[in-house]
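Structure here, sequence nowhere to be found:
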(Lines give C-alpha, C1' and ligand atoms only; values in the text may rest on other atoms or scores of the structure.)
Protein backbone atom coordinates (compact mmCIF):
# COMPACT_ATOMS: atom_id res chain seq x y z
CA UNK A 1 0.00 0.00 0.00
CA UNK A 2 1.52 3.28 -1.13
CA UNK A 3 1.70 6.17 1.26
CA UNK A 4 1.10 9.68 0.06
CA UNK A 5 2.75 12.59 1.71
CA UNK A 6 0.25 15.08 2.73
CA UNK A 7 0.85 18.76 2.04
CA UNK A 8 -0.82 21.69 3.63
CA UNK A 9 -3.76 23.10 1.82
CA UNK A 10 -2.92 25.84 -0.70
CA UNK A 11 0.74 24.83 -0.87
CA UNK A 12 1.96 23.40 -4.15
CA UNK A 13 4.37 20.56 -4.04
CA UNK A 14 8.05 21.48 -4.47
CA UNK A 15 9.14 20.65 -7.98
CA UNK A 16 12.76 21.63 -7.53
CA UNK A 17 13.63 18.03 -7.25
CA UNK A 18 12.07 17.27 -10.58
CA UNK A 19 13.91 20.12 -12.18
CA UNK A 20 17.17 19.07 -10.62
CA UNK A 21 16.55 15.59 -11.80
CA UNK A 22 16.74 16.51 -15.38
CA UNK A 23 13.97 18.95 -16.09
CA UNK A 24 14.36 21.87 -18.41
CA UNK A 25 16.35 24.77 -16.96
CA UNK A 26 14.77 28.15 -16.91
CA UNK A 27 16.55 30.75 -19.12
CA UNK A 28 18.36 33.57 -17.25
CA UNK A 29 17.34 37.06 -18.19
CA UNK A 30 19.64 38.55 -20.87
CA UNK A 31 22.08 41.21 -19.76
CA UNK A 32 21.51 44.65 -21.13
CA UNK A 33 23.41 45.47 -24.35
CA UNK A 34 25.09 48.58 -22.92
CA UNK A 35 26.28 48.59 -19.36
CA UNK A 36 25.89 51.93 -17.60
CA UNK A 37 29.11 53.96 -17.44
CA UNK A 38 30.81 53.81 -14.11
CA UNK A 39 31.11 57.14 -12.34
CA UNK A 40 34.57 58.76 -12.63
CA UNK A 41 36.57 59.43 -9.50
CA UNK A 42 36.31 62.93 -8.16
CA UNK A 43 39.99 63.93 -8.76
CA UNK A 44 40.47 62.37 -12.21
CA UNK A 45 39.57 65.54 -14.15
CA UNK A 46 42.01 67.61 -12.09
CA UNK A 47 44.77 65.06 -12.68
CA UNK A 48 44.19 65.13 -16.46
CA UNK A 49 44.31 68.94 -16.51
CA UNK A 50 47.52 68.95 -14.49
CA UNK A 51 49.06 66.35 -16.82
CA UNK A 52 48.19 68.41 -19.92
CA UNK A 53 49.67 71.54 -18.33
CA UNK A 54 52.85 69.68 -17.37
CA UNK A 55 53.19 68.33 -20.92
CA UNK A 56 52.78 71.80 -22.40
CA UNK A 57 55.38 73.31 -20.07
CA UNK A 58 57.78 70.48 -20.87
CA UNK A 59 57.43 71.03 -24.62
CA UNK A 60 57.96 74.77 -24.16
CA UNK A 61 61.08 74.14 -22.09
CA UNK A 62 62.44 71.78 -24.75
CA UNK A 63 61.83 74.37 -27.47
CA UNK A 64 63.58 77.09 -25.45
CA UNK A 65 66.52 74.77 -24.82
CA UNK A 66 66.84 74.02 -28.53
CA UNK A 67 66.70 77.72 -29.41
CA UNK A 68 69.37 78.45 -26.80
CA UNK A 69 71.59 75.71 -28.22
CA UNK A 70 71.28 77.09 -31.76
CA UNK A 71 71.90 80.66 -30.63
CA UNK A 72 74.95 79.61 -28.64
CA UNK A 73 76.35 77.69 -31.61
CA UNK A 74 75.81 80.72 -33.87
CA UNK A 75 77.44 83.10 -31.39
CA UNK A 76 80.39 80.75 -31.03
CA UNK A 77 80.83 80.56 -34.80
CA UNK A 78 80.69 84.35 -35.14
CA UNK A 79 83.18 84.70 -32.30
CA UNK A 80 85.63 82.48 -34.18
CA UNK A 81 85.13 84.48 -37.39
CA UNK A 82 85.27 88.02 -36.04
CA UNK A 83 87.45 87.65 -32.93
CA UNK A 84 90.37 89.43 -34.65
CA UNK A 85 88.29 92.27 -36.08
CA UNK A 86 89.82 94.87 -33.76
CA UNK A 87 93.37 93.66 -34.38
CA UNK A 88 92.80 93.51 -38.15
CA UNK A 89 91.39 97.04 -38.16
CA UNK A 90 94.61 98.29 -36.55
CA UNK A 91 96.70 96.61 -39.25
CA UNK A 92 94.81 98.29 -42.08
CA UNK A 93 96.76 101.48 -41.50
CA UNK A 94 100.01 99.53 -41.90
CA UNK A 95 98.81 98.20 -45.25
CA UNK A 96 97.83 101.72 -46.33
CA UNK A 97 101.26 103.10 -45.43
CA UNK A 98 103.05 100.35 -47.33
CA UNK A 99 100.94 101.08 -50.39
CA UNK A 100 101.62 104.83 -50.10
CA UNK A 101 105.36 104.17 -49.79
CA UNK A 102 105.41 102.20 -53.04
CA UNK A 103 103.38 104.88 -54.83
CA UNK A 104 105.80 107.58 -53.63
CA UNK A 105 108.83 105.94 -55.30
CA UNK A 106 109.43 107.52 -58.74
CA UNK A 107 109.59 104.86 -61.45
CA UNK A 108 112.74 106.42 -62.94
CA UNK A 109 114.59 106.35 -59.61
CA UNK A 110 113.53 102.76 -59.09
CA UNK A 111 114.99 101.77 -62.45
CA UNK A 112 118.26 103.74 -62.19
CA UNK A 113 119.25 103.59 -58.51
CA UNK A 114 119.91 100.18 -57.06
CA UNK A 115 119.40 101.29 -53.48
CA UNK A 116 115.95 102.67 -54.26
CA UNK A 117 115.09 99.54 -56.25
CA UNK A 118 116.11 97.23 -53.39
CA UNK A 119 114.20 99.34 -50.87
CA UNK A 120 111.08 99.37 -53.03
CA UNK A 121 111.30 95.62 -53.58
CA UNK A 122 111.54 95.07 -49.82
CA UNK A 123 108.48 97.21 -49.17
CA UNK A 124 106.59 95.37 -51.91
CA UNK A 125 107.48 91.98 -50.41
CA UNK A 126 106.36 93.20 -46.97
CA UNK A 127 103.04 94.38 -48.39
CA UNK A 128 102.58 91.08 -50.23
CA UNK A 129 103.22 89.08 -47.03
CA UNK A 130 100.74 91.23 -45.11
CA UNK A 131 98.05 90.81 -47.76
CA UNK A 132 98.65 87.04 -47.77
CA UNK A 133 98.16 87.03 -44.00
CA UNK A 134 94.92 88.97 -44.50
CA UNK A 135 93.76 86.42 -47.05
CA UNK A 136 94.40 83.49 -44.69
CA UNK A 137 92.17 85.14 -42.12
CA UNK A 138 89.44 85.95 -44.70
CA UNK A 139 90.26 89.65 -44.86
CA UNK A 140 89.69 90.94 -48.39
CA UNK A 141 90.36 94.36 -49.95
CA UNK A 142 87.49 96.38 -51.40
CA UNK A 143 88.86 98.32 -54.37
CA UNK A 144 85.99 99.83 -56.39
CA UNK A 145 86.52 100.50 -60.07
CA UNK A 146 86.00 103.88 -61.66
CA UNK A 147 82.48 103.93 -63.05
CA UNK A 148 81.25 101.28 -60.64
CA UNK A 149 77.83 101.87 -59.10
CA UNK A 150 78.04 103.42 -55.64
CA UNK A 151 77.17 100.86 -52.94
CA UNK A 152 76.36 102.36 -49.55
CA UNK A 153 77.02 98.97 -47.94
CA UNK A 154 80.68 98.95 -49.04
CA UNK A 155 81.52 102.54 -50.00
CA UNK A 156 81.57 105.87 -48.16
CA UNK A 157 81.05 109.01 -50.24
CA UNK A 158 83.39 111.84 -49.28
CA UNK A 159 82.36 114.38 -51.93
CA UNK A 160 80.62 114.72 -55.29
CA UNK A 161 82.35 115.39 -58.60
CA UNK A 162 80.45 117.13 -61.38
CA UNK A 163 81.55 115.26 -64.50
CA UNK A 164 80.11 114.10 -67.78
CA UNK A 165 82.59 111.22 -68.10
CA UNK A 166 80.81 109.04 -65.51
CA UNK A 167 77.16 108.39 -64.93
CA UNK A 168 75.65 110.10 -61.89
CA UNK A 169 75.75 107.93 -58.78
CA UNK A 170 78.91 106.05 -59.81
CA UNK A 171 82.42 106.05 -58.38
CA UNK A 172 84.49 108.82 -59.96
CA UNK A 173 87.54 108.70 -57.66
CA UNK A 174 88.95 106.27 -55.07
CA UNK A 175 90.66 107.87 -52.09
CA UNK A 176 91.23 104.81 -49.92
CA UNK A 177 90.39 101.11 -50.38
CA UNK A 178 88.13 99.30 -47.94
CA UNK A 179 88.31 95.86 -46.34
CA UNK A 180 85.93 93.09 -45.33
CA UNK A 181 86.39 90.22 -42.86
CA UNK A 182 84.40 87.03 -43.45
CA UNK A 183 82.07 88.99 -45.75
CA UNK A 184 81.42 91.58 -43.03
CA UNK A 185 82.49 95.16 -43.68
CA UNK A 186 85.60 96.04 -41.72
CA UNK A 187 86.19 99.47 -43.28
CA UNK A 188 84.34 101.14 -46.16
CA UNK A 189 86.15 102.40 -49.22
CA UNK A 190 86.40 106.20 -49.36
CA UNK A 191 85.28 107.40 -52.79
CA UNK A 192 84.14 110.46 -54.69
CA UNK A 193 80.75 110.10 -56.38
CA UNK A 194 79.96 111.51 -59.82
CA UNK A 195 77.05 113.85 -60.35
CA UNK A 196 75.57 115.47 -63.41
CA UNK A 197 77.34 118.69 -64.43
CA UNK A 198 75.53 122.00 -64.35
CA UNK A 199 73.54 122.90 -67.47
CA UNK A 200 75.53 126.12 -67.92
CA UNK A 201 76.01 129.58 -66.42
CA UNK A 202 72.85 131.58 -65.87
CA UNK A 203 72.23 134.44 -68.29
CA UNK A 204 73.17 137.90 -66.96
CA UNK A 205 70.21 139.57 -65.33
CA UNK A 206 68.17 136.42 -65.60
CA UNK A 207 66.93 136.54 -62.03
CA UNK A 208 66.12 140.24 -62.28
CA UNK A 209 64.20 139.72 -65.52
CA UNK A 210 62.24 136.88 -63.97
CA UNK A 211 61.37 139.07 -60.98
CA UNK A 212 60.17 141.89 -63.25
CA UNK A 213 58.10 139.45 -65.28
CA UNK A 214 56.50 138.20 -62.08
CA UNK A 215 55.62 141.76 -61.03
CA UNK A 216 54.03 142.48 -64.41
CA UNK A 217 52.02 139.28 -64.20
CA UNK A 218 50.62 140.11 -60.77
CA UNK A 219 49.62 143.59 -61.97
CA UNK A 220 47.21 142.15 -64.53
CA UNK A 221 43.58 142.16 -63.24
CA UNK A 222 42.26 138.71 -62.33
CA UNK A 223 45.64 137.05 -62.60
CA UNK A 224 46.42 134.35 -60.07
CA UNK A 225 49.48 134.89 -57.83
CA UNK A 226 52.58 133.57 -59.54
CA UNK A 227 50.79 132.93 -62.85
CA UNK A 228 52.55 133.86 -66.06
CA UNK A 229 50.59 136.23 -68.25
CA UNK A 230 51.69 137.11 -71.76
CA UNK A 231 51.76 140.87 -72.23
CA UNK A 232 51.42 142.64 -75.51
CA UNK A 233 54.38 144.55 -76.83
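It's in. Since this is a predicted model, take the numbers as computed values, not measurements.

Could you report the pLDDT at the nearest residue to residue 91 once chain neighbours are set aside?
Of all residues not flanking residue 91 in the chain, residue 130 sits nearest, at 7.2 Å (C-beta to C-beta, 6 or more residues apart in numbering). Just so you know, the C-beta spots here come from the backbone N, C-alpha and C atoms, and that holds for glycine as well. On pLDDT, residue 130 comes in at 95.

what's residue 130 in contact with, if anything?
Counting by C-beta atoms under 8 Å, 6 or more residues apart in numbering, residue 130 touches 91, 94, 95, 98.

who wins for most neighbours among the residues you listed?
Using other C-beta atoms under 10 Å as the neighbour criterion, residue 95 leads these with 20 neighbours.

just checking, next helix/strand downstream of the helix or strand containing residue 48?
Following DSSP states H and E, one finds residue 48 within helix 44-82. The helix or strand immediately downstream of helix 44-82 is helix 85-104, counting by DSSP H and E.

and that following helix with helix 44-82, angle?
Using axes from the mean of the first three to the mean of the last three C-alpha atoms, to 10 degrees, the inter-axis angle of helix 85-104 relative to helix 44-82 is 20 degrees.

hang on, the earlier thing: assign a three-state SS to the residue nearest to residue 91, would you?
Classification of residue 130 using DSSP: H, G, I helix; E, B strand; the rest coil returns helix.

shaky segments in the protein?
Applying pLDDT under 70 to the chain picks out residues 1-42, 200-233.

all strands of it, in order?
139-142, 155-162, 171-176, 178-181, 184-187, 189-195 (DSSP state E).

what does the second one contact?
Contact with strand 155-162 is made by 142, 144, 150, 171-173, 175, 178, 188-198, as judged by C-beta under 8 Å, 6+ apart.

Now a PyMOL select for only the buried ones of the residues you listed.
The following PyMOL line selects those of these that are buried, judged by 16 or more other C-beta atoms under 10 Å:
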select buried, resi 142+144+150+171+172+173+178+188+189+190+191+192+193+194+195
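
Please parse this protein into its domains.
55-137, 139-197 (automatic domain parsing).

Out of the strands of the chain, the one nearest residue 43 is which?
Closest to residue 43 of the strands of the chain is strand 184-187 (C-beta to C-beta; 59.4 Å).
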